[in-house]
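Student: coords below, sequence missing:
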Ligand code: PLP
Ligand code: COI
């Protein structure tokens, strides 16, 4: 397979239009077969449910070229399942999980020339999404939906790659208790645009959101879960019903225990104890693990001992092991790697 002539290692996290995308339609109570298409544009009615009441949700996963030249995806079954749960919460018809995985394979296969080469530092990001497409004017779910997956080659989510980030504690709330924080609804990201623009203006890479009810517990950022490392090398991640169940975080907790022999604990994390951790990282499909060097809480700085120059040593081990599994350098747990 001849790859596209692209400066792969110069890619940031942006949209590059690729050759093929998948489209399926839900009409008269059923999903159709779905097809690959060249057309990257969508035409819909001015009153479409997604345009009026933001009835839309999405997923994110990646395809990789392994060291031995295979094209693989990482745990697409978990994205299929999460999107299923998201759709149910948004009163959308869930897209069947087996069809989701099949569509992922079709899109990667059809865009194989866009899967960045091994060692380039880039990957092919896949964006499954679904939205209400028929006219809706009273507040209610749409009747008709479209499910799509496009692919775009991406580099690091945060400029500077593995350089430690500085975050700020946000005065905004990301998700309410019993709200939609645990699903991947477009509305969660719409509401985060103002806080992220404000954070960027003030020189921060991302927001740390605290729990909306008490503002005492760590939740997540706009696009990634937190991982902390204690001074005695325990991996700790916040437990909350209002954060997204990150597939990367769940994988890293397994990697910490089963590959690195570390203790790994999912529990409530009080903001007060953050200053006592040795390392901090953000984990997600886009972020992989991005180290955090500093968190600023209304002028008060928390500086992690791992510093602002490089990843902390445990974060680095987690990063190397996870990416080793994804790129085929290390043996993967059963079912984690799906070959295209
Ligand atoms: N948290 C939020 C709010 C996200 O948008 C994402 C990205 O998908 C994550 C966490 C990380 O989840 P995952 O590891 O499944 O990509
Ligand atoms: C991902 O990591 O896939 C995400 O969806 C995060 C982000 C780009 C919002």
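Tutor: Yep, it's here. Quick caveat, the model's predicted, so the values are computed rather than measured. Ligands and ions are numbered 1, 2, ... in the order given.

Student: hey, where'd the helices end up in this protein?
Tutor: 49-53, 76-89, 97-110, 186-190, 193-201, 247-258, 313-326 (DSSP state H).

Student: so how far is residue 116 from residue 71?
Tutor: Relative to residue 116, residue 71 is positioned 10 Å away (CB to CB, to the nearest Å). No exception for glycine: its C-beta is placed from N, CA and C like everyone else's.

Student: what residues does this structure put near ligand 2?
Tutor: Counting by CB under 6 Å from any ligand atom, the residues of the chain close to ligand 2 are 60, 223, 284-286.

Student: the residue in the chain that ligand 2 sits nearest to - nearest residue in space that isn't next to it in sequence?
Tutor: Of all residues in the chain, residue 60 sits closest to ligand 2, at 2.2 Å by CB to the nearest ligand atom. Nearest residue to residue 60, sequence neighbours excluded (CB to CB, 6 or more residues apart in numbering): residue 285, at 4.6 Å.

Student: mind listing what's buried in stretch 149-159?
Tutor: 149-158 (16 or more other CB atoms under 10 Å).

Student: near ligand 1 too, which of those?
Tutor: Applying CB under 6 Å from any ligand atom to the buried residues of stretch 149-159, none is adjacent to ligand 1.

Student: could you export the residues you listed as TSV, including pLDDT?
Tutor: Formatted as TSV, the buried residues of stretch 149-159 follow (pLDDT from 0 to 100):
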residue	pLDDT
149	98
150	98
151	98
152	98
153	98
154	97
155	94
156	89
157	90
158	89
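
Student: and these, which of them are in strands?
Tutor: Per DSSP state E, strands hold the following members of the buried residues of stretch 149-159: 149-154.

Student: looking at the helices of the chain, which is closest to ligand 1?
Tutor: For those, proximity to ligand 1 was assessed by CB to the nearest ligand atom; helix 247-258 is nearest, at 3.2 Å.

Student: elements contacting the closest one?
Tutor: helix 76-89, strand 225-229, strand 235-238, strand 264-267, strand 279-284, strand 288-297, helix 313-326 (3 or more CB pairs under 8 Å, 6 or more residues apart in numbering; DSSP states H and E).

Student: would you list those in a markdown table and tack on mean neighbour count and mean pLDDT?
Tutor: Listed next are the helices and strands packed on helix 247-258 as a markdown table, based on neighbours: other CB atoms under 10 Å; pLDDT from 0 to 100:
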| stretch | mean neighbour count | mean pLDDT |
| --- | --- | --- |
| helix 76-89 | 19 | 98 |
| strand 225-229 | 26 | 98 |
| strand 235-238 | 23 | 98 |
| strand 264-267 | 14 | 98 |
| strand 279-284 | 27 | 97 |
| strand 288-297 | 23 | 96 |
| helix 313-326 | 20 | 97 |
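
Student: what sits against the closest residue to residue 127 other than its chain neighbours?
Tutor: Once flanking residues are discounted, residue 127 sits nearest to residue 150: 5.5 Å by CB to CB, 6+ apart. Residue 150 makes contacts with 18, 21-22, 40, 107, 126-127, as judged by CB atoms under 8 Å, 6 or more residues apart in numbering.

Student: among the residues you listed, which ones are buried?
Tutor: Buried members of those, scored by 16+ other CB under 10 Å, are 18, 21-22, 107, 126-127.

Student: could you dump the residues you listed to a markdown table with pLDDT?
Tutor: Output for these, formatted as a markdown table (pLDDT from 0 to 100):
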| residue | pLDDT |
| --- | --- |
| 18 | 98 |
| 21 | 98 |
| 22 | 98 |
| 107 | 98 |
| 126 | 98 |
| 127 | 98 |
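
Student: picking up where we left off before, can you check which of the helices and strands packed on helix 247-258 gets nearest to residue 248?
Tutor: strand 279-284 (4.5 Å; CB to CB).

Student: how far is stretch 291-301 from where the chain is centred?
Tutor: The chain centre lies 23 Å from the centre of stretch 291-301; the measure is CA atoms, centre = their mean, to the nearest Å.
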